[in-house]
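>>> sequence and computational prediction follow.
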There are 2 protein chains.
Amino acid sequence: MIRRGVQAIARLGHPGALPGASCVLPRLDLASAFASSTDNLISRFCLQKTDLKDYALPNASWCPDMLSLYQEFLEKTKSGGWIKLPSFKSNRDHIQGLKLPSGLAVTSDKGDWRIFTRCIPAEGQGYEYVIFFHPSEKKSVCLFQPGPYLEGAPGFAHGGSLAAIMDETFSKTAYLAGEGLFTLSLSIRFKNLIPLGSLAVLNVEVEKIEDQKLYMSCVTQSRDQQIVYAKSSGVFLQLQLEEESLQ
Amino acid sequence: MIRRGVQAIARLGHPGALPGASCVLPRLDLASAFASSTDNLISRFCLQKTDLKDYALPNASWCPDMLSLYQEFLEKTKSGGWIKLPSFKSNRDHIQGLKLPSGLAVTSDKGDWRIFTRCIPAEGQGYEYVIFFHPSEKKSVCLFQPGPYLEGAPGFAHGGSLAAIMDETFSKTAYLAGEGLFTLSLSIRFKNLIPLGSLAVLNVEVEKIEDQKLYMSCVTQSRDQQIVYAKSSGVFLQLQLEEESLQ
């Protein structure tokens, strides 16, 4: 979701780049960039000490499947390996402390901005989700429960709501696993509808990192893996960002 | 968005159908289905006489570009050709009078369900959009203005929010142009970010209808066509539904 369609894409030989397409954002100065470690990225992203509300915590709307699988993964965080990612109202909270490419600088925190997947604050009505990330294996699991405001066909989640949570899980994984910031492409094959109020589990993996691009895959299925809801792939542009001290 | 992953997909030779994937919905009885005319579909969809709120009408949040292009298309509806589609809170309102395949029947209108792309009722905060449809040319134009609750990167629309409005415009077009009800696949290449509060124009066309599938394309760009935000394609499963009298 942290995305930027830039001339850099054309320069990287993106096959779909249009000769006539203008650039709405200035070029990235790659020359001044250098790598951040995964640990550094995670510590900046997770902000252990904060008074920001974490929306990725259980509430009364969570179905039993969602709650018990959450507890299972929470146990796994204690023995190392998995990390539970917090989820704040805005990416402006997650990306603080990182200097973004020129043109993507955060200019103000005064407005009531919300990350799209947290656009509905009422518990259980919209998106309920939590992402667990495994740094060394570069993979994520997202527990996703769509509420009645995410409807498409009566009683089922809108395909666009699944596309959005896929993009969100991809992008957070890409960012933490390899500084992948901008979605270049997203491709989804739908198999079955997700009933509203039920749990869908997204399993995201980084397939490869090549030529400044992260290639990722996602299988979305029921907890028992008997129903595949969708399979998808995403390509993210990897950008190494300048570091600066946390404010 | 009206979507159903069914065994019918596997029967139609969907390349991604998984041998082990179960079906959450019953089979469609194609034997009892017959075609509805486009005019019939449109008149049922649009519901000229209704007290339902139409969310696809101008409000104070619309930017000048959005407002003036809306007026331009509204003029085109007077000379025939283009139709402005109303947009109600739920697909349950749009699809009344159509008998859906068994398993997708609307069982209750009591709950507070919302179509995902109308999940945020506050004007200008979430999705602002209106779709114009051209029946004889089987194409649509969607005027889309993302609000601050649709944020991804600070100041720009979340890619998932664009994916969702693409899916929604595809599906409404597929439904009216050829009874395409269920998204089989969606593929997006992102080019440039859409600034929040600005206008993006989605141009959707039906490329072909073949083997009960609608193949569609979409180019999303700025009003002056100088900035391409994204290009996408979608495949929808065509289902001919039983007709019944309007209640």
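Looks like it came in fine.
>>> so what pairs up with A:Ile83 in the strands?
Beta-bridge partners recorded for A:Ile83 (DSSP bridges): A:Phe133.
>>> what about it, how many residues nearby?
If you count neighbours by other CB atoms under 10 Å in any protein chain shown, A:Ile83 ends up with 19. Where C-beta positions appear, they are placed from N, C-alpha and C, glycine not excepted.
>>> quick one: stretch A:203-215 near chain B?
No: using CB under 8 Å from any CB of the partner chain, stretch A:203-215 stays clear of chain B, with a minimum separation of 12.9 Å.
>>> average model confidence for that stretch?
Mean pLDDT, computed over stretch A:203-215, is 94.
>>> who touches it?
Contact with stretch A:203-215 is made by A:12, A:138-142, A:169-170, A:173-174, A:177-178, A:180, A:184, A:216-221, A:233-239, as judged by CB atoms under 8 Å, 6 or more residues apart in numbering or on different chains.
>>> give me the buried positions along it.
Across stretch A:203-215, burial judged by 16 or more other CB atoms under 10 Å in any protein chain shown covers A:Val204, A:Glu205, A:Val206, A:Ile209, A:Gln212, A:Lys213, A:Leu214, A:Tyr215.
>>> only whichever of the contacts of stretch A:203-215 are buried, select them in ChimeraX.
Filtering the contacts of stretch A:203-215 down to the buried ones (16+ other CB under 10 Å) takes a single ChimeraX command:
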select /A:138,139,140,141,142,169,170,173,174,177,178,180,184,216,217,218,219,220,221,233,234,235,236,237,238,239
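>>> restricted to strands, list the contacts of stretch A:203-215.
Under the assignment DSSP state E, the contacts of stretch A:203-215 contribute A:139-142, A:180, A:184, A:216-221, A:233-238 to strands.
>>> related to what we said a few turns ago, just the ones in strands from the buried residues of stretch A:203-215, please.
Under the assignment DSSP E, the buried residues of stretch A:203-215 contribute A:Val204, A:Glu205, A:Val206, A:Ile209, A:Lys213, A:Leu214, A:Tyr215 to strands.
>>> ok, which of the ones in strands among the contacts of stretch A:203-215 also contact chain B?
Near chain B, by the rule CB under 8 Å from any CB, you find A:Leu184 out of these.
>>> where does pLDDT dip in chain A?
A:1-37, A:44, A:47-49, A:95-110, A:240-247 (pLDDT under 70).
>>> am I right that A:Ala200 is in contact with A:Gln225?
No: contact criterion CB atoms under 8 Å: A:Ala200 and A:Gln225 do not qualify, at 11.4 Å.
>>> okay, those two: which has more neighbours?
A:Ala200 (25 against 12).
>>> quick check: beta-bridge partners of the more buried one?
A:Phe144.
>>> gap between it and chain B?
Distance, A:Ala200 to chain B, using CB to the nearest CB, to the nearest Å: 11 Å.
>>> contacts only, for that residue.
Contacts of A:Ala200 by CB under 8 Å, 6+ apart are A:Phe144, A:Gln145, A:Pro146, A:Ala157, A:Leu162, A:Ile194, A:Thr220, A:Gln221, A:Ser222, A:Tyr229.
>>> need the longest helix for chain A.
Using DSSP state H to define each element, chain A has its longest helix at helix A:159-178.
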